[in-house]
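1. Model the structure of this input:
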Amino acid sequence: MFVGALELDILLGDVHSLKQKRSVIKPVLAEVRRRFDVSVAEAGHQDLHRRALIGVAVVAASGEHVRDVLDSCERLMAGRPEFELLSTHRRLLGPDD
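-> A predicted model of the protein is given here:
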């Protein structure tokens, strides 16, 4: 069993309140969840209206599949016009960890 985690630090564009932030982030999280069958949530910067830390987690039988899914999630998020991807950090845990 392999477990992968991806953290995406994003900067939102023309957002002026936490309510507007939720209206941008919520549909993106739903799309990632639906398209890739992963767990995804806003995991940080909840009190900042122009920043968000998104966490994605996936469990699979092979490390390669975990990497492919996380790569796809990162590409989708990087291609979104409503925000800028500032940084990413990923972890992969396998049977030897």
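
2. Neighbours of Asp71, how many?
-> Other residues near Asp71 come to 12 when the count uses other C-beta atoms under 10 Å. C-betas here are computed from N, CA, C, even on glycine.

3. Now do it against Leu6, distance only.
-> Separation of Asp71 from Leu6 (C-beta to C-beta, to the nearest Å): 9 Å.

4. after the lengthiest helix in the chain comes which helix or strand?
-> Longest helix in the chain by number of residues, with DSSP state H as the criterion: helix 18-36. Moving toward the C-terminus from helix 18-36, the next helix or strand (DSSP states H and E) is strand 39-44.

5. what distance separates the helix or strand just after that next one from the centre of its chain?
-> Following strand 39-44 in sequence order, the next helix or strand is strand 51-60 (DSSP H and E). Strand 51-60 has its C-alpha centroid displaced from the chain centroid by 4 Å (C-alpha atoms, centre = their mean, to the nearest Å).

6. If you count neighbours, what's buried in the helix or strand just after strand 51-60?
-> Sequence-wise, the next helix or strand downstream of strand 51-60 (DSSP H and E) is helix 63-78. For helix 63-78, the buried set under the neighbour-count rule, 16 or more other C-beta atoms under 10 Å, comprises Gly63, Val66, Arg67, Val69, Leu70, Cys73, Glu74, Met77.

7. and which of the residues you listed is nearest Leu48?
-> Proximity of these to Leu48 (C-beta to C-beta) peaks at Met77, which lies at 17.6 Å.
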